[in-house]
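Enquirer: Provided below are the primary sequence and the corresponding predicted coordinates.
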Amino acid sequence: SLLQENRSRDMVTNTNQMENNATHRPSQVSSSLENIVPACPPGLCINKGDFLKQDFSVDKFFIEVGVREGGAGLDVLRDDLGIYLKVLRSSMIELINQDYADFVNLSTNLVGLDQGIDRIREPLEGFKKEIEMANGDIKTSLESVKAKLARQETIRRDKERLSSLQMVATTLSKVERMVGTEQTTDTAERIATDVNQLHFAVWKMKDAALIKQMLPRLNAVCDSLNSWLDLTTLKGVRERDIPTLSRCCRIYATIDRIAAVETLVKEEVVKPQVESCMVEAEKMDSSRLGEMFNNLLRIIPEHLAELVKLTTDEKKTVEGSVNGFDFLVNSFWPVVAEKIQNDLQHISSPGNPDEFFKNHQISMKFLDDFEMNLTSEESVSMLRNQESYTSFLQSWNLPVYFQIRFQEIAKSYELLLATTELVRSESTDCKLKVTEEAKNAITKCFSLEIFLQPLAHRFFKLSLQIISRYQVWALMCLKLFKDGPEVSQDMKRSETTKDFQKLEINKKKSMKKSASDQHLSELDKPTPVLSISLADLVLIFCDLEHLISAAPGLIMSGLASVLPETGGLDLSQAATAGVTALSAVLPQLSDAISAHIVTGPAKMVKSVVDIPRMYRRTNREVPSKPCTYVTTIVDELKTFLTSQEKSCSLAVVSSWLGNSCDSILGLYLVQVQDVLSNVTKMEESLKKLKKVRERGGAAAGKDKAAGLSDDDKIRLQLYLDVMFLVREIGSDEMGGLERVVRGENGVKIKQVVEQAVGGFISDIIV
């Protein structure tokens, strides 16, 4: 036996060594090959590493050799492989010579190995049979033990069930005796504890026949206990007996009847009080609604204060406090919500928006005051998740209320926008009634008697739409001013005003006209068209400036007065964006006004071409004052300045005049250059004609008094006209337009006329 044990131990050791050798064999083989295999001679297209790769294949070898730098052909590869083969053979011979003794002893060491293996096999097979027999015995014993343990567990469960049944029978009998005597809170607590244990035992052994027989007796005990608890609780509520209510609530919690006591309080305590407060609810209006809601809230301190105090004391400051009850959410609110939905449906009717607004504000205040009585966020969340709470909020038809207010706010505004005559405003801030009405409409959006917080986004959007609507109207007026009154007054609304309702301005007739009557009425009915004058456009510009500066303040101040908290939203950016779009109209209006100012003078400037006819061969005196057309231009510019000074600021009017005068000088410069060019050409033609005829002075037409030719008189007249116009433009009466005089057109036109009269003007001045 010792010999067999030693042999077995040696075999296990040898086996482990063989496994370790097998595990490390690849790395050992790799390292030994690296040392044994000789390197390739230099100059060959191959190297030793090509043959030592673990994934070596002939195809890869040919590809790698072919793509190397230089690229060896098959003949070269064959010769190099032959050379390396000779190197390998000589290296193998040297290796054998070095380890020749080991090669010879290799066969000698294996002699007698088969006989040793045969000697080990026989004891090992016997050892294997002994192990199999031991495993069989152990398995049989284990199965026997498991069967006995299962039997023992069954007996234990049966004993436990029998003990439980005995306990149920004993406890039920004891409880029945206690119920038969006069009950107190102490006995009720003991009965509740026993009943709770009985319910657990019954649930655990519900299939037992004895339990089924005892169920009627247990139900009778529970009914008796519940009846006593209900009566005692109601008595404690009426008498404000806090100790009794505390013990009753604990008993209800013990027997898991929290919902039942909440229902009891709802039906027996809250409901009668709510019905007494809501007498004649069908005739309730806003003047009495607040008083009714206050009476409902007084139910809490007058009838539910003790219960609420006991069941909401999370800090345990009240002796006998109990958790798990919520009489306000589950007892008070359902009765109130049901009564409101059934008897006060008329308060949420939006037909009368003023009454609807008052009712909504009073009702929301009632909800806020009621939520103030809830002491935990969990109760508030439970209240808001109730279907009755959601139904109460949804009963208020807020979209219809907004549409009615929309009509009220937008109707008068739309009437003024659609009128065929611009009505002047009597206020000092606005020039036009439509601008004043736009400000009033924005103010109404955030009026304390109109604005509702659930509709804050709609009223804010409406205020921006009012601004956008004013922009569309201003652009329409600009188009009418440019194109004339024959243009149709239908306005294309902007994207932000597409949801404006088409307001009915004229009342509809109840009777339908005949076809002929309709055609006659259409023929007889005049088509009113809005006509925009320059003065109207100036007033629109001034009001637009005022609205741009006033609108953001109106919107943000109004919003702050009705909505102190915006949830972190920066609504001023939206208001600024709306005003920015409105500001884009100002440059267009300025350009139109400036262009209109230029219209009259541009026609008069063309009178420059008549000056040559005034002096050529007319023998007129030397000019000493400007022509009428220039003085008329100056008078028109001054008239515009004086007429619009009261409407707009001097800076704005000066800006318009500056742009207009610069344009006038540009047009005037072109005309003057053309006239002077023609005069020069005519003068040269006459000189040539004089030389041809060889006549002294016959064709020159000199002025005997002044010695000026007709052409020089023309030049002098142009000089007087231009200098007068430039001087008047730069005068204080024109608002000091020195920038125009120093501008490109002003400087250039002065240079042109000064060069034209440079040859003779000094003689005239002297």
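Expert: All right, it came through fine.
Enquirer: going forward, measure contacts between C-alpha atoms and count neighbours the same way
Expert: Fine.
Enquirer: so how far is stretch 243-263 from its chain's centroid?
Expert: In terms of C-alpha atoms, centre = their mean, to the nearest Å, the centre of stretch 243-263 is found 48 Å from the chain centre.
Enquirer: list of residues touching that stretch?
Expert: Residues from elsewhere that reach stretch 243-263, judged by C-alpha atoms under 8 Å, 6 or more residues apart in numbering: 185, 188-189, 192-193, 195-196, 229-230, 232-233, 236-237, 307, 310, 320-322, 324-327, 330-331.
Enquirer: any of those buried? List them.
Expert: The neighbour count (16 or more other C-alpha atoms under 10 Å) marks 185, 188-189, 192, 195-196, 229-230, 232-233, 236-237, 307, 310, 320-322, 325-327, 330-331 as buried among these.
Enquirer: next SSE downstream of the worst-scoring helix or strand of the chain on mean pLDDT?
Expert: Within the chain, no helix or strand scores below helix 515-524, which has a mean of 43 by mean pLDDT, DSSP states H and E. Where DSSP states H and E defines the elements, the next helix or strand beyond helix 515-524 is helix 534-562.
Enquirer: packing partners for that next one?
Expert: Packing contacts for helix 534-562, counted by 3 or more C-alpha pairs under 8 Å, 6 or more residues apart in numbering; DSSP states H and E, involve helix 433-445, helix 456-483, helix 572-583, helix 585-605.
Enquirer: for that helix, give the mean pLDDT please.
Expert: Averaged across helix 534-562, the pLDDT comes to 89.
Enquirer: please state the offset of that helix from the chain centre?
Expert: Using C-alpha atoms, centre = their mean, the offset of helix 534-562 from its chain centre is 27 Å.
Enquirer: quick one: the helices in the stretch 251-400 of the chain?
Expert: For the stretch 251-400 of the chain, the helices defined by DSSP state H, counting those that start in this stretch occupy 258-265, 271-277, 286-303, 305-311, 327, 333-343, 353-372, 377-384, 387-394, 398-417.
Enquirer: just say which of the ones you listed is most tucked in.
Expert: Ranked by mean neighbour count under mean count of other C-alpha atoms under 10 Å, these are led by helix 327, which reaches a mean of 23.
Enquirer: can you list the helices of the stretch 251-400 of the chain in TSV and add mean pLDDT and distance to Asn109?
Expert: As requested, the helices of the stretch 251-400 of the chain are arranged in TSV below (pLDDT from 0 to 100; distance: least, C-alpha to C-alpha, whole Å):
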stretch	mean pLDDT	distance to Asn109
helix 258-265	89	93
helix 271-277	88	109
helix 286-303	88	107
helix 305-311	86	96
helix 327	88	99
helix 333-343	89	102
helix 353-372	91	100
helix 377-384	90	89
helix 387-394	90	96
helix 398-417	91	106
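Enquirer: what's the closest of those helices to Gly484?
Expert: Among the helices of the stretch 251-400 of the chain, helix 398-417 comes nearest to Gly484, with 18.0 Å by C-alpha to C-alpha.
Enquirer: which residues touch the closest one?
Expert: Here helix 398-417 has contacts from 350-351, 353, 356, 422, 433-434, 437-438, 441, 444-445, 450, 455, 458, 473, 503, 505, using C-alpha under 8 Å, 6+ apart.
Enquirer: out of the residues you listed, which end up buried?
Expert: If you count burial by 16+ other C-alpha under 10 Å, the buried members of these come out as 350, 353, 356, 422, 433-434, 437-438, 441, 444-445, 450, 458, 473.
Enquirer: returning to what we had before: tell me which of the helices and strands packed on helix 534-562 lies nearest to Ile131.
Expert: Evaluated over the helices and strands packed on helix 534-562, closeness to Ile131 peaks at helix 456-483, with 87.5 Å, by C-alpha to C-alpha.
Enquirer: so for that closest one, mean pLDDT?
Expert: Averaged over helix 456-483, pLDDT sits at 91.
Enquirer: what residues of it count as buried?
Expert: If you call a residue buried by 16+ other C-alpha under 10 Å, then helix 456-483 has these buried ones: 456, 458-482.
Enquirer: and the pLDDT for the residue most central in space within the chain?
Expert: Among the residues of the chain, the one closest to the centroid is Leu569, at 9.5 Å (C-alpha atoms, centre = their mean). We have a pLDDT of 71 for Leu569.
Enquirer: secondary structure class for it?
Expert: Put simply, Leu569 is coil when judged by DSSP: H, G, I helix; E, B strand; the rest coil.
Enquirer: and it, how far is that from Ser427?
Expert: Distance from Leu569 to Ser427, counting by C-alpha to C-alpha, to the nearest Å: 35 Å.
Enquirer: which helix or strand contains Arg217?
Expert: Per DSSP H and E: helix 209-239 holds Arg217.
Enquirer: which other residues reach stretch 63-82?
Expert: Contacts for stretch 63-82 (C-alpha under 8 Å, 6+ apart): 44-46.
Enquirer: circling back to that earlier point, list the buried residues in the helix holding Arg217.
Expert: By neighbour count on 16+ other C-alpha under 10 Å, the buried set for helix 209-239 is 211, 218, 221-222, 225-226, 228-230, 232-234, 236-237.
Enquirer: again, but for stretch 546-557
Expert: Neighbour-count burial for stretch 546-557, counted by 16+ other C-alpha under 10 Å, picks out 547-548, 551-552, 554-556.
Enquirer: just send these back as JSON lines, with distance to Asp99 too.
Expert: Output for these, formatted as JSON lines (distance: C-alpha to C-alpha, whole Å):
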{"residue": "Leu547", "distance to Asp99": "111"}
{"residue": "Ile548", "distance to Asp99": "108"}
{"residue": "Ala551", "distance to Asp99": "108"}
{"residue": "Pro552", "distance to Asp99": "104"}
{"residue": "Leu554", "distance to Asp99": "108"}
{"residue": "Ile555", "distance to Asp99": "105"}
{"residue": "Met556", "distance to Asp99": "103"}
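Enquirer: out of those, who's nearest Lys139?
Expert: The closest of the buried residues of stretch 546-557, once distances to Lys139 are taken by C-alpha to C-alpha, is Met556, at 89.1 Å.
Enquirer: for Ala39, helix, strand, or coil?
Expert: Under three-state DSSP, Ala39 falls in the coil class.
Enquirer: what about the closest residue to it other than its chain neighbours, distance to Cys40?
Expert: Excluding its sequence neighbours, the residue lying closest to Ala39 (C-alpha to C-alpha, 6 or more residues apart in numbering) is Lys48, at 5.4 Å. Distance of Lys48 to Cys40, computed by C-alpha to C-alpha: 6 Å.
Enquirer: who's more crowded, the two?
Expert: Remark: of Lys48 and Cys40, Cys40 carries more neighbours, 19 against 14, as counted by other C-alpha atoms under 10 Å.
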